[in-house]
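S.K.: Show me the folded form of this:
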Amino acid sequence: MNRTNLRMLAIAYQLLARETSTGEPSDIHLAAVVCVSEKLRRPISMLAGSTGFRALLTRSLSLARAQVPALAAIQVKPDGTLEWNMGGDLSLSNGEAVQSGAILIAELLGLLSNFIGEALTLRLLQDAWPDLPAIEIDSRGETT
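M.R.: Here you go, the predicted structure:
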């Protein structure tokens, strides 16, 4: 992963932890990925339309599958929601599920950042998760 994606991966873990019942990273499961995706759908759809959101999520899933082949059991439905293919093999331990979900969300955030810029992406995240600690961008455009 490149440096930007490593930052987005760290942010993805934070978002997933916030969508668990306990807020603990060790309790993240694939259902949290759906929650994060759904929270991102509205603001991204406002910027790019529902088709744009679906396209970003589909591309993110494709990029994540290159790193975690077990994600082949997940599909993006025409309405932009994630669906697990129960006939597919999604045999992931909890640790693998956490990592897989974080990679998928990080890819989505990375693509979004490439299109609208990191500052606007971070503002979008602050709007969707008001209790998320502020992520500052320094003068070089890097998060701190």
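S.K.: now what about stretch 72-80, what contacts it?
M.R.: Residues from elsewhere that reach stretch 72-80 (CB atoms under 8 Å, 6 or more residues apart in numbering): 41, 45, 50, 53-54, 57-58, 61, 65, 82-85, 88-90, 104. Every residue, glycine included, has its C-beta placed from N, CA and C.
S.K.: need the contact list for the residue nearest in space to the middle of the chain.
M.R.: Centroid check for the chain by CA atoms, centre = their mean gives residue 105 as the closest residue, at 1.5 Å. For residue 105, the contact set (CB under 8 Å, 6+ apart) comprises 8, 12, 15-16, 33, 36-37, 60.
S.K.: Now it, what are its backbone angles?
M.R.: Dihedral pair for residue 105: phi -70, psi -40, per degrees, to the nearest 10.
S.K.: Filter the contacts of stretch 72-80 down to the ones in helices?
M.R.: Residues of the contacts of stretch 72-80 located in helices (DSSP state H): 41, 45, 50, 53-54, 57-58, 61, 65, 104.
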